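> With the input below, show me the fold.
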Amino acid sequence: MTKDVLVTIKGMQFDGESGDTIETVNFAQYYLKNDGHYVIYDEVTEGESQTTKNILKLKGKLFELTKRGLVNVHMIFEEGQKTMTNYSTPFGDILMGMDTRKVEMTQVNEKKLQVQVEYALEVNYEFLADCQIVIDIEAR
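Model prediction:
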């Protein structure tokens, strides 16, 4: 895979009655180190001057997302595990729990890497939604 990539992240939430989908596309930098795939990019939030640096780490059945800037969080998705984290925003902190059911890398080749993550999301110890993230990393 080349160092310069395009990363598309599609997040879906299902609360039992309806679903919401959010998709972002960003130019990013890709690195392979110790069998771990790393993607680093800056995210711009509409109406804000400060950007958020995002670091994605993919290794086996583990996916980590670290955000630093306007929001701050270190989310760990490990298949078969439940993890907790504080999601810090300009409006306050939110305690989040992720009960991860699936972390799967597919289409791993020189031009593309796809990751699918499925988990149950909790906020302040209460179930909020079943979620899915699909990440496509493509060489530019």
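> ok, residue 86 - how many residues close by?
Residue 86 sits with 11 neighbouring residues when counted by other CB atoms under 10 Å. The C-beta positions use only the backbone N, C-alpha and C, and glycine is treated the same way.
> The one 10 residues further on too?
Neighbour count for residue 96, taken as other CB under 10 Å: 18.
> In terms of helices and strands, where is it?
Using DSSP states H and E, the element containing residue 96 is strand 92-106.
> Any stretches of the chain with poor pLDDT?
Where the chain drops to pLDDT under 70, the residues are 16.
> quick one, strands of it?
Listed in chain order, the strands of the chain (DSSP state E) span residues 4-14, 19-33, 36-44, 51-59, 62-68, 73-78, 82-89, 92-106, 112-123, 126-139.
> So residue 111 sits against residue 1, correct?
Yes - counting by CB atoms under 8 Å, residue 111 does reach residue 1; the two are 7.1 Å apart.
> which neighbours do the two share?
residue 139 (CB atoms under 8 Å, 6 or more residues apart in numbering).
> Pick out whichever of the two has more residues nearby.
Using other CB under 10 Å, the more surrounded residue of residue 111 and residue 1 is residue 1, with 18 against 11.
> I'd assumed residue 110 was in contact with the more buried one.
Yes - applying CB under 8 Å, one finds residue 1 in contact with residue 110, separated by 5.9 Å.
> who touches both of those two?
With contacts taken as CB under 8 Å, 6+ apart, residue 1 and residue 110 have residue 139 as neighbours in common.
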